[in-house]
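Novice: With the sequence up front, the predicted model follows.
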Amino acid sequence: MLSITIIITATTLLRIVSELLNTLKKSSQQNDLDEQEAKVGISKSWALTEFWEAAAYNAFYDRTGVENPQDFKADLWPRILGYNRETLEKQWKTLISHFRRYLAENLIKRRDAIVEEIAELFLKLCFPNHLSTIEAEDLAKLLITVTFVIVGYQRIVPGTRTMVAEGFIRETIGESTASPELRKFIPESILGSFSGVEYSFSKAQTTRTAAKNVQLSYITFVGAPRMLMHRFHRLLDADDGHQSPAVLITSATSFLEASPAYHINAGPHYLLKPRQRQSENKAEQSVYRFKWFPDSERGDEPLKYSGAGDLQKRNLLRMVNALVGGSKPEIYKSMDRFDVKSGIRRKAALVVNSYEQARTIKKYINDYHPEVGRHTKAIVKSLRDGEQPTDFVTSAQCEALGDDENCDILIFPMLAINRGVNIVFTKGDRKLDAAIGSIYFLTRPHPTKNDMQLLYSLAGRATQEFDSRVFSETEDLNAIATSWQQSRKDLWRTANRLLREPLMASRLGPELFKSFTANQMVAILQTIGRGMRNGCPVSVYFVDAAWAKNSAKGESDSGRDSMLVQMRIILEECVNHPNPVIREIYQELYGAFLTPLQRIEGVIYPDELANLQDLTDEEDGYNDFSPLLEM
């Protein structure tokens with residue numbers, strides 16, 4: 001029997017409760033929620049999580065029920081969940097009683113019966129007007145296990161750390177990716193010892209059709225290593241007579257203050273520019289187009305990939321069909337019209353989200369458009385059995401494609417081509433020119449809904465900002481502690497917003513959407529830069545209608561609705577930076593991208609480009625810190 005695996009990552013019970021509440025909704029609907037709908041869902045998931053956590057802690061630390069249960073939020077939970085106080089408090093105390101029985105029971109059969117009672121009680125609170133789904137029941141049962149894995153782990157870790165420090169036992173309870181010596185050169189994360197559980201469902205190898213396996217892994221992250229390399233030159237400061245390492249860090253597009261994942265608040269100290277500019281600035285000839293396709297089978301609605309739910313794969317292949325289908329494919333028409341010199345036509349690239357998508361699209365073109373398929377290659381991690389080098393190449397082999405006269409179209413995910421790898425013509429009249437001239441973004445880049453990069457990067461940026469603060473002599477320890485607590489509280493509120501919901505652009509507030517876009521645009525601009533080697537112009541097509549969904553309907557897009565508009569806002573803020581040195585650096589790095597973005601075809605810009613004011617979470621009565629997130 002084949003294994004069917006669904007990987008879901010959670011760093012908090014809040015995420016599991018959110019996943020549970022979303023089981024009644026289709027994924028396509030989830031991504032189209034407006035701000036108010038998202039806010040209602042956030043409030044309910046947060047209230048249910050606090051309700052569950054408080055019950056779990058009362059049961060775990062008072063197994064006999066001698067003390068009266070504490071921390072019932074009588075003014076908040078009934079209002080959010082729509083119950084009167086007496087009914088909800090009775091349910092809460094019943095849940096605590098069930099938890100105590102669960103923790104005390106050793107027999108599997110009896111414990112399973114208690115699990116059923118707990119799941120039934122909690123699911124009725126989650127879905128008072130609907131029947132729960134099988135998926136929701138599975139998540140509710142998993143919630144029980146994950147809760148007490150976390151609480152139990154937290155209970156033993158402090159004592160274990162003491163024993164490790166005293167030398168009584170070795171640190172075998174977890175695996176560390178950084179040595180204690182290296183951690184001395186980086187600050188501790190301002191979030192503290194952030195922790196959570198990663199879990200996955202898989203179909204069990206059994207004749208029982210509904211049986212599933214669940215695998216749990218406890219995850220913690222400590223420290224903020226973003227400044228590690230910048231402090232490497234101090235590695236041997238304490239050892240007299242030993243020369244420290246010399247470090248040179250270079251980057252072409254990672255200097256972007258809006259991006260918490262890529263930007264480091266250090267330098268740059270040097271900016272390398274060409275010795276002599278060419279007589280004509282080819283990069284200024286670049287053209288960007290928002291080119292979506294109508295779906296003839298669905299009332300000519302714009303084809304989109306991001307947010308399309310179950311239609312994602314189907315829509316993606318229809319976009320490909322619109323580009324490579326017909327007697328004279330659209331993609332070849334564009335290649336023949338753009339930057340053809342000395343009879344040499346540049347290649348086209350189809351940019352997707354993953355290696356698997358690249359492989360799928362290549363096979364689709366081979367099957368349905370074989371003539372185009374003979375001149376198309378996909379970049380993959382490695383070739384599988386039966387796959388031929390005429391169809392697939394690896395990242396290490398892709399530089400040779402510049403001179404491959406049999407390859408007109410490349411398919412690859414963003415960042416598949418490593419930095420420093422250039423696909424250029426190496427001979428003839430166009431020697432050193434970028435071989436890729438037309439770039440089609442078939443998808444709006446988006447991480448998985450469980451990706452934690454945005455949270456990690458925001459935590460790293462906040463940690464670095466506090467670590468770099470200089471306190472005056474008049475500020476005592478209490479003032480420093482107060483400042484640290486405030487910085488930590490601000491970050492926790494952001495973390496809570498991210499952990500409440502799957503990572504979807506429509507559910508981020510304006511400020512988070514800006515950080516999210518800036519993280520993604522570094523990879524986008526690096527990909528576009530593949531077509532600008534040797535000062536060449538590039539023709540860029542944004543095909544997924546999700547890039548500017550309002551423009552696809554003939555309406556204007558704001559910086560909150562469209563990643564393309566937000567990218568322009570970010571870059572214009574860069575080139576208008578108040579610091580003249582930084583302004584000049586930004587102009588050199590990003591001016592060639594901003595100019596075509598300002599005149600992009602197909603995007604309807606608003607009259608005012610400025611970002612909307614962020615809708616921050618008001619003081620709503622929820623806990624700023626969850627004990628289940630810390631050890």
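Specialist: Great, that's in hand. Residues are numbered from 1 along each chain as shown.
Novice: if I pick residue 554, what's in contact with it?
Specialist: residue 604 (CB atoms under 8 Å, 6 or more residues apart in numbering). To be clear about C-beta, it is placed using only N, CA and C from the backbone, and glycine gets the same treatment.
Novice: So it versus residue 489, what's the distance?
Specialist: 44 Å (CB to CB, to the nearest Å).
Novice: Same check on residue 118?
Specialist: From residue 118 to residue 489 the distance is 32 Å (CB to CB).
Novice: These two: who's more crowded?
Specialist: residue 118 (21 against 11; other CB atoms under 10 Å).
Novice: Make sure that one is actually in contact with residue 142.
Specialist: No - Residue 118 is beyond contact range of residue 142, at 11.7 Å (criterion: CB atoms under 8 Å).
Novice: which residues touch residue 139?
Specialist: 16, 19-20, 23.
Novice: Quickly note the distance from it to residue 147.
Specialist: For residue 139, the distance to residue 147 - CB to CB - is 12 Å.
Novice: about what we covered before: can you pick the most crowded of the contacts of residue 139?
Specialist: Using other CB under 10 Å as the neighbour criterion, residue 20 leads those with 25 neighbours.
Novice: Find the residue closest to that one in space, skipping its chain neighbours.
Specialist: Among residues not flanking residue 20 along the chain, residue 139 sits closest, at 4.4 Å (CB to CB, 6 or more residues apart in numbering).
Novice: Look at the one you found and give its secondary structure.
Specialist: helix (DSSP: H, G, I helix; E, B strand; the rest coil).
Novice: Quick check: buried residues in the helix or strand containing residue 493?
Specialist: Residue 493 is part of helix 477-500 when elements are defined by DSSP states H and E. Buried residues in helix 477-500, defined by neighbour count with 16 or more other CB atoms under 10 Å: 487-488, 491-492, 494-500.
Novice: Repeat that for stretch 454-470.
Specialist: 454-464, 466.
Novice: Give me the subset of the residues you listed lying in helices.
Specialist: 454-464, 466 (DSSP state H).
Novice: Following element in sequence after the helix or strand of the chain with the lowest mean pLDDT, please.
Specialist: One helix or strand of the chain scores below all others by mean pLDDT, DSSP states H and E: strand 5-10, with a mean of 31. Next in sequence after strand 5-10, counting helices and strands by DSSP H and E, comes helix 13-21.
Novice: Report the angle between that following helix and helix 477-500.
Specialist: Going by axes from the mean of the first three to the mean of the last three CA atoms, to 10 degrees, helix 13-21 is angled at 20 degrees with respect to helix 477-500.
Novice: So which elements touch helix 13-21?
Specialist: strand 5-10, helix 35-61, helix 108-126, helix 134-166, helix 477-500 (3 or more CB pairs under 8 Å, 6 or more residues apart in numbering; DSSP states H and E).
Novice: Let's see the third one as PDB, backbone CA atoms only.
Specialist: C-alpha atoms of helix 108-126 as PDB (Å, rounded to 0.1, in the frame of the first residue of the first chain):
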ATOM      1  CA  ILE A 108      -4.800   2.300  26.300                       C
ATOM      2  CA  LYS A 109      -8.400   1.300  25.800                       C
ATOM      3  CA  ARG A 110      -9.700   3.500  28.600                       C
ATOM      4  CA  ARG A 111      -7.400   6.400  27.600                       C
ATOM      5  CA  ASP A 112      -8.800   6.200  24.000                       C
ATOM      6  CA  ALA A 113     -12.300   6.500  25.400                       C
ATOM      7  CA  ILE A 114     -11.300   9.600  27.400                       C
ATOM      8  CA  VAL A 115      -9.700  11.000  24.200                       C
ATOM      9  CA  GLU A 116     -13.100  10.600  22.500                       C
ATOM     10  CA  GLU A 117     -14.800  12.500  25.300                       C
ATOM     11  CA  ILE A 118     -12.300  15.300  25.100                       C
ATOM     12  CA  ALA A 119     -12.600  15.600  21.300                       C
ATOM     13  CA  GLU A 120     -16.400  15.600  21.400                       C
ATOM     14  CA  LEU A 121     -16.500  18.400  24.000                       C
ATOM     15  CA  PHE A 122     -14.000  20.600  22.200                       C
ATOM     16  CA  LEU A 123     -15.400  20.100  18.700                       C
ATOM     17  CA  LYS A 124     -18.900  21.100  19.900                       C
ATOM     18  CA  LEU A 125     -17.300  24.400  21.100                       C
ATOM     19  CA  CYS A 126     -15.500  24.800  17.700                       C
END
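Novice: quick revisit: angle of the next helix-or-strand element following the helix holding residue 493 against helix 453-467?
Specialist: Counting by DSSP H and E, the next helix or strand C-terminal to helix 477-500 is helix 510-529. Orientation note: helix 510-529 sits at an angle of 110 degrees relative to helix 453-467 (the same axes, to 10 degrees).
Novice: by how many degrees do helix 510-529 and helix 35-61 diverge?
Specialist: Put simply, helix 510-529 runs at 110 degrees to helix 35-61, going by the same axes, to 10 degrees.
Novice: what does the next helix or strand after helix 510-529 contact?
Specialist: Using DSSP H and E, the helix or strand that follows helix 510-529 in sequence is strand 539-542. For strand 539-542, the external contacting residues (CB under 8 Å, 6+ apart) are 286-291, 334, 338-339, 437-441, 444, 528, 531, 548, 564, 596.
Novice: Tell me which strands strand 539-542 pairs with, and in which orientation.
Specialist: Its sheet considered, strand 539-542 pairs with strand 287-290 (parallel), strand 436-441 (parallel) by DSSP bridges.
Novice: now those as JSON lines including mean neighbour count, distance to residue 133 and mean pLDDT?
Specialist: Listed next are these as JSON lines, based on neighbours: other CB atoms under 10 Å; distance: least, CB to CB, whole Å; pLDDT from 0 to 100:
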{"stretch": "strand 287-290", "mean neighbour count": "20", "distance to residue 133": "38", "mean pLDDT": "96"}
{"stretch": "strand 436-441", "mean neighbour count": "24", "distance to residue 133": "35", "mean pLDDT": "96"}
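Novice: returning to that earlier point: closest one to residue 347 among the helices and strands packed on helix 13-21?
Specialist: strand 5-10 (34.8 Å; CB to CB).
Novice: Summarise which helices and strands whatever helix or strand residue 356 lives in is packed against.
Specialist: Taking DSSP H and E as the definition, residue 356 sits inside helix 355-368. Counting contacts by 3+ CB pairs under 8 Å, 6+ apart, helix 355-368 packs against helix 312-324, strand 347-352, helix 370-373, strand 376-380, strand 409-413.
Novice: Columns distance to residue 576 and mean pLDDT on top of those, output as JSON lines?
Specialist: Formatted as JSON lines, these follow (distance: least, CB to CB, whole Å; pLDDT from 0 to 100):
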{"stretch": "helix 312-324", "distance to residue 576": "35", "mean pLDDT": "96"}
{"stretch": "strand 347-352", "distance to residue 576": "29", "mean pLDDT": "96"}
{"stretch": "helix 370-373", "distance to residue 576": "44", "mean pLDDT": "96"}
{"stretch": "strand 376-380", "distance to residue 576": "37", "mean pLDDT": "95"}
{"stretch": "strand 409-413", "distance to residue 576": "33", "mean pLDDT": "95"}
